[in-house]
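[1] Build me a structure from this.
(2 chains)
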Amino acid sequence: MSWDRARLTLEVLAIDPSGIKGLWLRARAGAVRDRITQSLGIIPLPLVRLHPTIGDEALYGGLDLTATLSSGRTVQSAGLLDRPSALLLAMAERCPGGLSARLSHALDLPGHTLVALDEAADSDECLPNALVDRLGLFLDLSDVVWSDTEALEFDDEALAQARARLPKVTLSPAFAAALTRAAAELGISSLRAPLLAMAAARAIAALGGRQEVSDDDLKQAAELVYAHRALPESEQPPQDQPPEDPPPPGEDTAQDTPEEQTEDNQSIPDEMLVEAARAALPQDLLDRLAAGRMVRSAKGASGTGAERGGNRRGRPLPSRPGRLGSGGRLDLVATMRAAAPWQPLRRANADRPEAALLVRPSDIRMKRFVETSDRVLIFAVDASGSAAFARLSEAKGAIEILLAQAYARRDHVALLAFRGKGAELILPPTRSLVQTKRRLQGLPGGGGTPLAAGLQLAFATAKQSKARGMTPTIAILTDGRGNIALDGSADRAVAEEDALRLARIIRGHGLPAIIIDTANRPQPSLAELARTMDAPYLALPRADAHRISGVLGAALGD
Amino acid sequence: MSAADPALRLAHPVEHMEQTRKKSRQPFPFSAIVGQEAMKQAMILTAIDPGIGGVLVFGDRGTGKSTAVRALAALLPEIEAVEGCPVNSARPEDCPDWAGVTSSRMIRKPTPVIDLPLGVTEDRVVGALDIERALTRGEKAFEPGLLARANRGYLYIDEVNLLEDHIVDLLLDVAQSGENVVEREGLSIRHPARFVLVGSGNPEEGELRPQLLDRFGLSVEVTSPRDIETRVEVIQRRDTYENGYDGFMAHWRVQDDALRDRILGARALLPTLKTPNTVLHDCAALCIALGSDGLRGELTLLRAARGLAAFEGDATVSRSHLRAVAAMSLSHRLRRDPLDEAGSGARVVRCVDEVLP
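    Alright, predicted model coming up:
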């Protein structure tokens, strides 16, 4: 990435901060990033720093409790979102869904602009999709070295002139259409992207002192806005799309009829815009971004049973001195109790001795709750003929070690086996170790490998336990030669397709899983299944039972 | 934040947003939304008959879900309410005792469309002890929550699938009974809370609990428009709205007004509408064929069909109305088949073709 692109990005942002909505800055903290953040002052809005755990009180303002209590009348404090500002969100990759929804809402109203500092180290961390969709610009500084950069200095005068010129800059309808088409061709389904690109094109034209957007402006705008949104070419074929996600609209039209595109009477063919956008970022970066987006959407789900750090509900704990507005609930009785002994003393030298109760901030007591959600380990064990002969006993050994650990942690355990034509829930979620062991010992073997049926039952069990407020994890032990389809027919191709579909569904529901390959030689098809499920894959030949439990422990987040 | 938290009372997100909205210009007009006919129709139906019970809009990002809800707020006719009443009572005698409303003057105000922010707490939703008065004046008073303000209006939840479960539980209960009961911190208070629940979300980010799903009368799925021409049209209208606001609004406001009149006309027509027995039979036959749980499916289907008939100015409900609203009334009430990738909407359409030829 050239440093000039960084400069142009900042200039565009400074010219139309509320139209562009913001910048997604992907970089580790360091001198290079500092060069960018130091120049954010050119945005003609007050700079406000946010952090991912910021509370609503800070965002929206509220009652200033200390001042209210001491003065005896309502005193308000201002919120950060009260006036249009340039919001700087640090550690944006950790931005929780609630904050991203709030920021999205703020961005949808005119006025704000957001610079998201994304320090994501690996591809499984990513800016929330809602923000990715809204922020116009993207900069990736991870491959930029200090020697390639230079201090950014901007001509404030020129930027101010460009801002003044901006409202008069026109963009021809043909250009708007070209931008829309290019977005469709790049597989960008959100309609926000073309609007942002139009805003960027206008800003670039204003910067260049033009009254009308030119071909070149359009191309640069497409580069800035589309490049990181484009689906990587490897993902373009629609059959790779996950089930709920229809192929990006317009894509078919755009790809099936390239002739029509070029015949259009435009001064700039869409392909040029597409190429410009594609050339702007390296392909592997696109892949990484796409991977991050996917993980985010899969694991971002917050359903029943997720563990919550509770200060709102759950088993009550003794209340503690605290501060209002930190997300907790006030324990009124305890607060009163804390204030009570001091009343005569305070009344003696109070400004308002007539007040019924003299409460100081130090009296405030907050309620605390603990809430832990039980985990349940769902073992899906392949008891087919092939597995039985090979390593069923070893798998049983591994499970027993895991069971012991689960017992120590008081996790629930469920056991299901798949063999023959279908899967069977041998043990519904239980905490009884003895029972589980007994059932495991008596596990019969033989028959085909209905892997898909096993996955289906594991999924159903996981969903059920999730609905009961538990946090399920699926552990699949198989030798991978799935050869029985869901409908019971012995068709290997259909069987594998079924298994992959179920794997996608499991990933789609954000259920953590692990696949343990019990075959004598590692099965590439299982590794693929694990990838599809976004689950760790472990081949047993390279691992003893203890190592399995280590990996599973890691997968469970111990 | 918390309701027991005075910090948020006066400058709460919702107030804050409303203030911002007032200061800024009018939302994008409803009539100017390109395509998304199912979503628009569902919203119009709930405006005609709030008893239908809300709309759930699920779909991709950037398809105009939020735009449509905000536009609907501007489109809805005004309501008459007692001045200063926290629950927008229609008659002075309906005002709850705890509110201490002294005025009996009626004022006209826009139909309330209340945003329920994601991180909202229980206290903020149902209302709680007025902590400021408790602390500074030693009084026990009730501070009404969002449910009170949404009475007789709309409650809008963006990203409804990300809403925390304990809030969902509260909503389920109130949406069902139409009454909010507060028993906490020594308060014992109840007030009416009848509202149309509008939810939007992106299914990629998580599913909705079936219980909540069932509370929405209608559900529609939106996707980005697929053909280039529509997309270009969307972009151009939006661009005109941003950059040629006055002319754009002058043009579309007329259309919005016409639509509002049509909605009011349909409301007036609704009580006189005839529902032949054959239509009832059709409703039942369709729901049995689809195996939808409970009878709420039939009731909603019928109400929606009646709303549509009234909107189209017909005197009698007919099979064609049923067919038109079947997918949006029933698709979210079917048992989920995780392997059916076509979605339940397609199942309903298939079944409608078989049962109601």
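
[2] Can you classify the residue of the stretch 301-450 of chain A found nearest chain B as helix, strand or coil?
    The nearest approach of the stretch 301-450 of chain A to chain B comes at A:A356, 2.8 Å away (Cβ to the nearest Cβ). For glycine as for every other residue, the C-beta is placed from the backbone atoms N, C-alpha and C. Following DSSP: H, G, I helix; E, B strand; the rest coil, the label given to A:A356 is coil.

[3] What number of residues are in the vicinity of the residue nearest to A:V75 when sequence neighbours are not counted?
    Counting by Cβ to Cβ, 6 or more residues apart in numbering or on different chains, the nearest residue to A:V75 once its immediate chain neighbours are dropped is A:A67, at 3.8 Å. Using other Cβ atoms under 10 Å in any protein chain shown, A:A67 has 14 neighbouring residues.

[4] ok, so what distance separates A:L13 from B:V182?
    In this structure, A:L13 and B:V182 are separated by 47 Å, where distance is defined by Cβ to Cβ, to the nearest Å.

[5] These two: who's more crowded?
    Under the criterion of other Cβ under 10 Å, the comparison of A:L13 against B:V182 puts A:L13 first, with 28 against 22.

[6] before we move on, which element is the more buried one in?
    Secondary structure assignment for A:L13, by DSSP states H and E: helix A:3-15.

[7] elements contacting that helix?
    Based on contacts counted as 3 or more Cβ pairs under 8 Å, 6 or more residues apart in numbering or on different chains; DSSP states H and E, the elements that helix A:3-15 packs against are strand A:22-26, strand A:137-140, helix A:156-165, helix A:192-207, helix A:215-226.

[8] who touches it?
    A:20, A:22-23, A:36, A:39-40, A:42-44, A:113, A:115, A:136-137, A:139, A:141, A:144, A:148-150, A:152, A:154, A:159, A:162-163, A:166, A:200, A:203-204, A:206-207, A:220, A:223-224, A:280 (Cβ atoms under 8 Å, 6 or more residues apart in numbering or on different chains).

[9] Tell me the buried residues within those.
    Buried members of those, counted by 16 or more other Cβ atoms under 10 Å in any protein chain shown: A:20, A:22-23, A:36, A:39-40, A:42-44, A:113, A:115, A:136-137, A:139, A:141, A:144, A:159, A:162-163, A:166, A:200, A:203-204, A:206-207, A:220, A:223-224, A:280.

[10] Touching, B:T223 and B:D60? I think so.
    Yes - between B:T223 and B:D60 there is a contact at 5.8 Å, judged by Cβ atoms under 8 Å.

[11] Give the residue spans of the stretch 201-350 of chain B that score low on pLDDT.
    Low-confidence segments of the stretch 201-350 of chain B, defined by pLDDT under 70: B:204-207, B:335-343.

[12] Please repeat the previous calculation with a cut-off of 80.
    Low-confidence segments of the stretch 201-350 of chain B, defined by pLDDT under 80, are located at B:202-212, B:214-215, B:291-294, B:334-347.

[13] for it, what spans make up the helices?
    Chain-ordered helices for the stretch 201-350 of chain B, with DSSP state H, counting those that start in this stretch as the definition, fall at B:210-215, B:228-243, B:245-269, B:277-290, B:296-311, B:319-330, B:344-355.

[14] B:T223 and B:D60: who's more crowded?
    Here B:T223 and B:D60 are compared on neighbour count by other Cβ under 10 Å; more neighbours surround B:D60, at 22 against 15.

[15] Setting aside sequence-adjacent positions, which residue approaches the more buried one most closely?
    Distance criterion Cβ to Cβ, 6+ apart; nearest residue to B:D60, sequence neighbours excluded, is B:S224 at 5.3 Å.

[16] quick one: the one you found and B:G64 touch, right?
    No - with contacts counted by Cβ under 8 Å, B:S224 stays clear of B:G64, the gap being 9.4 Å.

[17] Now do the shared contacts for those two.
    In contact with both B:S224 and B:G64: A:L191, using Cβ under 8 Å, 6+ apart.

[18] count of residues packed around B:P357?
    A total of 7 residues lie near B:P357 under the criterion other Cβ under 10 Å.
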